[in-house]
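Student: Give me the fold of what follows.
(chains A and B)
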Amino acid sequence: MAGPTLIPAGDFRSTYAEDTTIFPTTTSRNMAILGIVLICFAPLVFSGYWLSILIQIGIFSIAALGLNILVGFTGQISIGHAAFFLFGAFTSAYINNNFPIPVFFAIPLAGVVTALVGLIFGVPAARLKGLYLVIATLAAQYILLDFFSRAEWFSGGTVPASANPFSIFGYTLRGDRQYFYVVLAYVVVSFVLVTNLMRTRDGRALVAVRDHYLSAEIMGINLTKYRTLSFGLAAFFAGVAGALYAHYQLVVSQEGFGIERSVLFLAMVIIGGTGSVMGTLMGTAFVVLVPESMEWLSHWLKGGMIDKALSLNTNLTFLREIAIGLIIIGFLMFEPDGLAHRWRQIKAYWKLYPFSH
Amino acid sequence: MSYTLEVRGVSLRFGGVRALTEVSFGVKEGELFSIIGPNGAGKTSIVNCISGRYKPTEGHLFYRGKDITGLSPNARATLGIGRTFQNLALFHHMSVLDNIMVGRHHLLKNNFLTGSLYWLTGARREELEHRRKVEEIIDFLDLQSVRKATAGTLPYGLRKRVELARAMALEPQLILLDEPMAGMNFEEKEDMARYIVDLNEEFGMTVVMIEHDMGVVMDISHRVTVLDFGRKIAEGDPAAVLADPHVKRAYLGEEDEMLVDPDDKPAAPECAA
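Tutor: Okay, the predicted model is just below:
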């Protein structure tokens, strides 16, 4: 039977510092560093299409990471995450366009402003749970979208707001190849920050609120504070991701950031694994790649035997949507702990192979 | 006399149900104080009032002379009141270590900003210092072999012990134990009784304990108070309480009284009345 930690035999820790590292073993740490180094070569190897997919995965994973703090770690729910994402995008563009603040600073600043808005919408969370909270966050989504439609000074109204390309101290980064590194840096920093958060006081408090709020309160944890805080943190990462998206697309519009995008963020968290930092990245990659792979599949099927026999040609796009839905349902039924859990199982299997008991 | 904890005329009503009626008692510094009574007597209700889960309908609670009646549960934890629950209330998906570390919440100072920046803000150093304290508790309660295990996967007896560890991590001066031995076998009970005595004598904590096991209660308590139907019916040292006619009636009913202790003369007239 695989142990819970998968520490190899003979790996003893003699200090508490050694026992509180981010990665369970030196091998896993080195693999992660190697992974980051390898991905740095991606712009040299991949075509524009693949690079844009990697950038999307990166940006959305930061937003999903924020949502995972809220849904996975604190056990609350939000179906208004896309609105915060969009708020961050508009805010960063607005700050950069109207004040002499370079994009480099506008992005984190947009995160902070979005976090404040998130805190406001998080206040009802202190009182509401479950389905009631779902409705409250749904309201947040519509209130914010309505605000974007009305506040033309902020969002440009019906005309999409323009955003400047990323620049640091007068040096402007142009094109996917250069922007890729910006996103990569943000992804690494965000994931490290959240990992640290989760192994310190406030992170534990959030999980305690999720697992048993009554005893969390007895342990001295202020429930109102932490429930609201988790909304603020979720909104911060949504805001940063939105800002990154704005300066990637160079325009910000409401198009594609309705409730369905909020649900997709939720799907990323669930498929990746609620309460798993690395799972978020896997879940995001999965949710981004599934429609793409369906696209390839439909291209491949087009004009072929199956297509002609079933006369699919007009309906292939609908089949794509259905397939995505089916995959999500399949995950909920067969892999409720997400890809992160499956990954652990695979590792456990290979560690013990061929004596798996 | 000054008490560490004083319950003064506490009543608790849920609609028409009277859970507690004018209960008063005081717990002295360093005492091991037990609350006993039949099922539904209001024992857990009074502990919930002390820990802040319920707000008494009437009456006041004083901790070290300070009125804590209106304080939130988390504020009471900060004051130094810890508790365990009758029905296990661990954080099931966290490791044993993290469960106990949650108990250090009010003693730790790092927050979401300094915690996220771990290496730069001294959060790491602080966490490690507290880890050392937690390991002392793990040593004391003999939890070394399960410190990395997920709390929800542990057997019942161990979970009870983890819960005690978590309450201890708060470094409380007053610890409330709600049936620490319920559902345990003889050896586990023996261990738990030893831990509780050590909490009291070695760690100097004032202990308020609810327990059904009379053997344990009589052996280790300094004083016992007895509740029945939400009222206090007796209080005193264990032997005196056991001999109290009211207590016998509450536990055994009127019919059986003579069978159990035929020599108990004073009880007979009351029984008739």
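Student: rest of the way, CA atoms for contacts and neighbours
Tutor: Will do.
Student: The closest residue to chain B within the stretch 151-300 of chain A: neighbour count?
Tutor: As assessed by CA to the nearest CA, chain B sits closest to residue A:220 within the stretch 151-300 of chain A, at 3.7 Å. Close neighbours of residue A:220, defined as other CA atoms under 10 Å in any protein chain shown, add up to 27.
Student: just to confirm, which helix or strand has the nearest residue to it once chain neighbours are set aside in it?
Tutor: Of all residues not flanking residue A:220 in the chain, residue B:74 sits nearest, at 3.7 Å (CA to CA, 6 or more residues apart in numbering or on different chains). Assigned by DSSP states H and E, residue B:74 belongs to helix B:73-79.
Student: before we move on, back to that, pLDDT wise, what is the residue nearest to residue A:220 at?
Tutor: For residue B:74, the model assigns a pLDDT of 92.
Student: now swap in residue B:206 and tell me
Tutor: Looking at residue B:206, its pLDDT stands at 95.
Student: helices or strands up against the helix holding residue B:74?
Tutor: helix A:213-218, helix B:43-51 (3 or more CA pairs under 8 Å, 6 or more residues apart in numbering or on different chains; DSSP states H and E).
Student: let's go with 10 Å and repeat that
Tutor: On a contact count with 3 or more CA pairs under 10 Å, 6 or more residues apart in numbering or on different chains; DSSP states H and E, helix B:73-79 meets helix A:213-218, helix B:43-51, strand B:81-84.
Student: which other residues reach it?
Tutor: Outside helix B:73-79, the residues that touch it by CA atoms under 10 Å, 6 or more residues apart in numbering or on different chains are A:214-223, B:48-54, B:63-64, B:68-70, B:81-83, B:103, B:105-107, B:167, B:170-174.
Student: and stretch A:96-115, what's its mean pLDDT?
Tutor: Stretch A:96-115 shows a mean pLDDT of 92.
Student: got it, and stretch B:106-116?
Tutor: 90.
Student: ok, residues contacting that stretch?
Tutor: Outside stretch B:106-116, the residues touching it (CA under 10 Å, 6+ apart) are A:190, A:192-203, A:219-221, A:229, A:233, B:74-75, B:77-80, B:101-102, B:117-118, B:120-124, B:126-127, B:129-130, B:169-171.
Student: Contacts only, for residue B:22.
Tutor: Residue B:22 makes contact with B:7-12, B:58-59, B:230-232, according to CA under 10 Å, 6+ apart.
Student: number of nearby residues for the residue nearest to residue A:179 when sequence neighbours are not counted?
Tutor: Leaving aside its sequence neighbours, residue A:179 sits nearest to residue A:173 (CA to CA, 6+ apart; 6.4 Å). Residue A:173 sits with 16 neighbouring residues when counted by other CA under 10 Å.
Student: Next up, the contacts around residue A:173.
Tutor: Taking CA under 10 Å, 6+ apart, we find residue A:173 in contact with A:165-167, A:179-182.
Student: May I see the buried residues of stretch B:220-231?
Tutor: B:220-221, B:223-231 (16 or more other CA atoms under 10 Å in any protein chain shown).
Student: nope, stretch B:60-76 is what I meant
Tutor: Neighbour-count burial for stretch B:60-76 flags B:60-63, B:68-69, B:72-76 (criterion: 16+ other CA under 10 Å).
Student: Closest to chain A out of those?
Tutor: residue B:74 (3.7 Å).
Student: roughly how far apart are that closest one and residue A:197?
Tutor: To residue A:197, residue B:74 is 21 Å away according to CA to CA, to the nearest Å.
Student: all strands for chain B, in order.
Tutor: In chain B, the strands defined using DSSP state E lie at B:5-14, B:17-27, B:32-36, B:58-63, B:66-67, B:81-84, B:174-178, B:206-210, B:223-228, B:231-236.
Student: tell me which element residue A:165 falls in.
Tutor: Residue-wise, residue A:165 maps onto no helix or strand under DSSP H and E.
Student: picking up where we left off before, in the contacts of residue B:22, find the pair that's most separated.
Tutor: Farthest-apart pair in those is B:58 and B:232; separation 15.4 Å (CA to CA).
Student: Which residues of the stretch 251-357 of chain A lie near chain B?
Tutor: With CA under 10 Å from any CA of the partner chain as the criterion, the stretch 251-357 of chain A meets chain B at residues residue A:275.
Student: So, low pLDDT: which residues of the stretch 251-357 of chain A?
Tutor: The model of the stretch 251-357 of chain A has pLDDT under 70 over residues A:310-317, A:355-357.
Student: need the strands for it, in chain order.
Tutor: Secondary structure of the stretch 251-357 of chain A, counting by DSSP state E, counting those that start in this stretch: strands at A:251-252.
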